[in-house]
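Enquirer: everything below, folded, please.
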Amino acid sequence: MDELKASLKKSLALKKLRESWVICHFINKKDNWMELADTALEQLELEFAMRVYRQMGEAGMLLALLNMLGTEDRNLLAGNLALMKKDFNLAQELFLASSSPMMALEMRRDLLHWDQALKLAKNLAPDQIPFISKEYAQQLEFTGDHSNALIHFEKGVTKLPEYRDHDESCASGIARTSIRCGDIRRGVQMATKMPNRALKKDCAAILESMKQYSDSAALYEKGEFFDKAASVYIKCKNWNKVGELLAQVTSPKIHMQYAKAKEADGRYKDAAKAYENAKDFDNVIRIQLDHLHNPEEAVRIVRETKSTEGAKMVARFFQKLNDYSSAIQFLVMSKCNDEAFQLAQQHGQMEVYAEIIGDDATQEDYQSIALHFDNEKSHFLAGKFFLLCSQYKKALQHFLRCPYTSEDSPAVEMAIETVGQANEDPLTHQLIDYLMGETDGVPKDAKYLFRLYMALKQHREAARTAIIIAREEQNAGNYRNAHDVLYSMYTELRSQKIKIPSEMATNLMILHSYILVKIHVKRGDHMKGARMLIRVANNISKFPSHIVPILTSTVIECHRSGLKNSSFSYATMLMRPEYRNKIDLKYKRKIEAIVRRPDKTEEDEPTSPCPYCKFDLETSELVCPGCKNNIPYCVVTGQHMVKDDWSVCPQCNFPALYSEFKRLLESDDTCPMCSDTIKPGKVHKIEDPSIYLHADKGEE
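Expert: Numbering: from 1, shown residues only. Okay, here's the model as predicted:
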């Protein structure tokens with residue numbers, strides 16, 4: 001191996017490249033291949049050198065040499081090879097001697113050898129001196145040689161319009177380096193005149209680092225860097241300028257510093273405003289209370305911000321004024337429930353505390369309040385808070401001790417809610433006994449029994465109770481009340497997707513027909529009024545208090561509408577001994593005349609198709625003879641619905657004939673069923689009413 005290496009050395013010295021290639025093959029070491037490649041390059045044998053580099057797998061060198069192939073100028077070729085070998089001085093000499101001397105200048109610029117680049121530029125390209133000077137100046141500025149950087153930035157200025165961006169870059173450098181070199185006035189003037197915001201920011205930062213705060217802040221302000229400007233003005237205690245800039249400042253820290261300074265000067269209004277801008281609401285509240293004596297503003301801020309510390313301060317303020325209810329309110333807001341409880345107990349404000357604490361308290365808080373009201377014999381409030389801490393038995397006991405009134409009783413409502421939540425049979429039976437009057441001998445309003453059954457999800461019992469309530473109202477002659485009771489319970493059952501009992505639906509329909517009579521007569525539509533009265537008269541047993549007046553109205557309206565046979569039928573009914581003496585004298589003779597001289601002529605009632613099977617039936621008939629379905633009725637006319645004229649009330653969702661509903665809303669904006677105000681634009685025609693035709697399906 002040593003002999004081969006010695007042979008290779010001699011062969012390379014004699015420039016015998018092919019023999020050296022053979023020896024390198026035998027040795028096959030990278031160092032030896034590199035020696036062969038270097039020798040080939042010295043001889044300018046590019047193709048042979050490329051062959052060696054290919055053998056070595058040096059793709060980078062191979063590509064570099066490939067780009068040089070075809071170069072006829074030996075000096076240019078040698079210069080490039082010297083550059084590859086990092087012999088820059090030799091490369092420069094060879095480039096200068098070649099046909100492309102500018103390569104020497106480009107090499108020095110690429111290498112950032114600015115001094116040599118400038119010397120070469122004087123002879124080779126004087127027009128490049130400003131650009132080289134600028135690049136040299138940027139490097140000098142970066143390395144901290146500001147005085148030389150300034151000189152070269154000045155040399156870089158061309159004053160030619162086509163190089164405006166270049167000149168602006170040089171001017172920016174002059175401004176920065178002038179400040180660095182101590183010529184602050186010149187630098188500031190240049191930065192101020194130039195539109196470049198970034199330059200103003202850079203120069204201002206340099207001045208700030210040199211503790212030239214006034215000039216720095218002025219430049220920040222001119223560059224519209226208001227937060228930085230205000231920050232630097234604060235450093236030089238120029239509070240007036242800070243105040244002028246506050247509207248544009250977004251930094252809470254600056255607002256906070258300004259607020260502290262104004263507070264120290266005794267200018268509390270300005271301080272409060274600055275604290276508010278800094279989002280430091282606790283300090284705003286403190287100043288409003290302690291210095292500006294403006295508790296209303298402090299309270300407003302606490303309510304808006306929900307500040308815990310602020311609420312404590314407001315609570316202490318009201319405590320000093322002996323306004324304990326307000327103090328309790330803000331103690332609760334500040335999560336100081338124990339302190340609020342003690343204060344309420346000491347000053348007899350427990351009801352206020354109980355109202356304020358609402359649903360945000362713990363189980364222990366609710367129990368403490370409940371025990372307090374228990375000791376005070378305040379049964380309703382004790383029950384309410386025992387319910388909130390899930391002590392259902394105690395809660396029910398207290399609710400049942402509350403005095404019962406015939407009007408709405410909140411204690412009974414709460415008792416129902418308690419039993420509904422507890423879902424325990426003993427408590428349920430206890431409440432039912434109370435409602436039935438077995439406890440105190442006073443039966444309670446049946447509506448409470450209905451609500452209890454609803455709370456317990458006992459829907460059949462709830463429906464039966466609802467019908468009983470409505471029947472009692474009907475027997476008392478309170479038809480509107482009976483209608484409203486049935487309507488509200490109907491809608492409640494429907495919202496729970498519970499099947500409506502047929503008795504309830506029928507009673508509601510009859511009562512609604514009675515109410516529609518007045519609407520039709522008032523509008524002058526006596527025929528529709530007569531048809532509704534016939535429906536009511538056919539169910540006269542449901543109106544025991546007003547049998548004679550209703551039959552009288554039926555006779556009169558039917559006679560007026562030309563329904564002579566119907567008028568005669570109800571007139572003969574009125575002639576019965578039990579009714580005859582009760583007829584209003586104003587109508588008695590006329591009714592007797594109708595009976596004595598009977599006229600049984602009567603036009604047939606118009607028909608319209610059943611929405612289920614399209615069978616033609618009379619408009620006031622609600623059971624189809626063809627398909628035996630109960631047909632939904634129109635809440636405006638009382639007639640059965642038809643498929644191609646369907647709409648619903650947007651409030652109660654009951655059906656109405658679209659054409660009739662629109663006509664009604666032209667003179668009256670109230671729905672006859674729910675009595676809510678309806679805007680005409682809210683009523684729309686329904687093209688496919690299938691979902692309403694099968695809407696009565698629900699839980700049994």
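Enquirer: so for stretch 134-148, mean pLDDT?
Expert: Averaged over stretch 134-148, pLDDT sits at 88.
Enquirer: which residues sit against that stretch?
Expert: Stretch 134-148 is contacted by residues 109, 112, 114, 117-118, 149-153, 155-156, 166, 169-170, 173, 176-177, 180-181 when judged by Cβ atoms under 8 Å, 6 or more residues apart in numbering. Where C-beta positions appear, they are placed from N, C-alpha and C, glycine not excepted.
Enquirer: which pLDDT value goes with residue 335?
Expert: For residue 335, pLDDT reads 64.
Enquirer: also the one 4 residues further on?
Expert: According to the per-residue confidence, residue 339 scores 70 in pLDDT.
Enquirer: and if you look at the one 4 residues further on?
Expert: Here the pLDDT value assigned to residue 343 is 70.
Enquirer: buried subset of the contacts of stretch 134-148?
Expert: The neighbour-count test (16 or more other Cβ atoms under 10 Å) marks 109, 114, 117-118, 149-153, 155-156, 166, 169-170, 173, 176-177, 180 as buried among the contacts of stretch 134-148.
Enquirer: where do the strands sit along the stretch 551-700 of the chain?
Expert: All strands of the stretch 551-700 of the chain, identified by DSSP state E, counting those that start in this stretch, fall at 607-609, 616-618, 646-648, 655-657.
Enquirer: adding mean pLDDT, write those out as JSON lines.
Expert: As requested, the strands of the stretch 551-700 of the chain are arranged in JSON lines below (pLDDT from 0 to 100):
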{"stretch": "strand 607-609", "mean pLDDT": "94"}
{"stretch": "strand 616-618", "mean pLDDT": "92"}
{"stretch": "strand 646-648", "mean pLDDT": "94"}
{"stretch": "strand 655-657", "mean pLDDT": "95"}
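Enquirer: among those strands, which is nearest residue 683?
Expert: strand 646-648 (5.4 Å; Cβ to Cβ).
Enquirer: thinking again about what came up before, in helices only, show me the contacts of stretch 134-148.
Expert: If you go by DSSP state H, the contacts of stretch 134-148 have 109, 114, 117-118, 149-153, 155, 166, 169-170, 173, 176-177, 180 in helices.
Enquirer: quick one: the closest residue to residue 618 other than its chain neighbours and residue 152, what's the gap?
Expert: Counting by Cβ to Cβ, 6 or more residues apart in numbering, residue 605 is the residue found nearest to residue 618 once chain neighbours are left out, at 4.2 Å. Using Cβ to Cβ, to the nearest Å, we find residue 605 at a distance of 111 Å from residue 152.
Enquirer: now residue 456
Expert: 95 Å.
Enquirer: repeat for residue 472
Expert: Residue 472 is 108 Å from residue 152, by Cβ to Cβ.
Enquirer: swap in residue 197?
Expert: 25 Å.
Enquirer: just confirm residue 227 is within a strand.
Expert: No: counting by DSSP: H, G, I helix; E, B strand; the rest coil, residue 227 is not found in a strand; it is helix.
Enquirer: run through who's touching stretch 291-305.
Expert: Under the contact criterion Cβ under 8 Å, 6+ apart, stretch 291-305 has outside partners 268-269, 272, 276, 281, 284-285, 288-289, 307, 310-311, 313-314, 317-318, 330, 333.
Enquirer: could you turn the buried ones of these into a ChimeraX selection?
Expert: Buried subset of the contacts of stretch 291-305, written as a ChimeraX selection, criterion 16+ other Cβ under 10 Å:
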select :268,272,276,281,284,285,288,289,307,310,311,313,314,317,318,330,333
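Enquirer: which of the contacts of stretch 291-305 fall in helices?
Expert: Among the contacts of stretch 291-305, the members falling in helices (DSSP H) are 268-269, 272, 276, 281, 284-285, 288-289, 310-311, 313-314, 317-318, 330, 333.
Enquirer: now do the contacts for the closest residue to residue 158 other than its chain neighbours.
Expert: Residue nearest to residue 158 in three dimensions, not counting chain neighbours: residue 130, with 4.9 Å by Cβ to Cβ, 6+ apart. Counting by Cβ under 8 Å, 6+ apart, residue 130 makes contact with 155, 156, 157, 158, 163, 166, 170.
Enquirer: okay, and residue 130 sits in which element?
Expert: Using DSSP states H and E, residue 130 sits within helix 129-143.
Enquirer: just for the stretch 251-400 of the chain, where's the confidence low?
Expert: For the stretch 251-400 of the chain, the stretches with pLDDT under 70 are 325, 328-338, 340-342, 344-349, 351-352, 354-356, 358-361.
Enquirer: at which residues are the helices of it located?
Expert: With helices called from DSSP state H, counting those that start in this stretch, the stretch 251-400 of the chain shows them at 252-264, 268-277, 281-290, 295-305, 308-320, 324-333, 337-346, 350-357, 363-375, 379-388, 392-401.
Enquirer: do the same with the stretch 501-650 of the chain
Expert: Under the criterion DSSP H, counting those that start in this stretch, the stretch 501-650 of the chain contains helices at 502-522, 526-537, 547-560, 564-574, 577-580, 585-596.
Enquirer: dump the fourth one to PDB, restricted to CA.
Expert: Right, the one you point to is helix 564-574. Extracted in PDB, the C-alpha atoms of helix 564-574 (Å, rounded to 0.1, in the frame of the first residue of the first chain):
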ATOM      1  CA  LYS A 564    -138.800  29.300  10.500                       C
ATOM      2  CA  ASN A 565    -139.000  25.600  11.300                       C
ATOM      3  CA  SER A 566    -136.200  25.800  13.900                       C
ATOM      4  CA  SER A 567    -137.700  28.900  15.400                       C
ATOM      5  CA  PHE A 568    -141.100  27.100  15.800                       C
ATOM      6  CA  SER A 569    -139.400  24.000  17.400                       C
ATOM      7  CA  TYR A 570    -137.600  26.000  20.100                       C
ATOM      8  CA  ALA A 571    -140.700  28.300  20.600                       C
ATOM      9  CA  THR A 572    -142.900  25.200  21.400                       C
ATOM     10  CA  MET A 573    -140.200  24.100  23.900                       C
ATOM     11  CA  LEU A 574    -140.500  27.500  25.600                       C
END
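Enquirer: okay but residue 611 is in contact with residue 634, surely?
Expert: No: counting by Cβ atoms under 8 Å, residue 634 is not a contact partner of residue 611; they are 11.3 Å apart.
Enquirer: list residues touching both of those two?
Expert: Common neighbours of residue 611 and residue 634 (Cβ under 8 Å, 6+ apart) are 640, 641.
Enquirer: so who does the residue nearest to residue 618 touch?
Expert: Contacts of residue 605 (Cβ under 8 Å, 6+ apart): 531, 618, 619, 620.
Enquirer: neighbour-wise, which one of those residues leads?
Expert: Using other Cβ atoms under 10 Å as the neighbour criterion, residue 531 leads these with 26 neighbours.
Enquirer: phi and psi next, for the spatially closest residue to that one that is not a sequence neighbour.
Expert: Sequence neighbours aside, residue 620 is the residue nearest to residue 531 in space, at 4.5 Å (criterion: Cβ to Cβ, 6+ apart). Backbone torsions of residue 620, given as degrees, to the nearest 10, read phi -90, psi 0.
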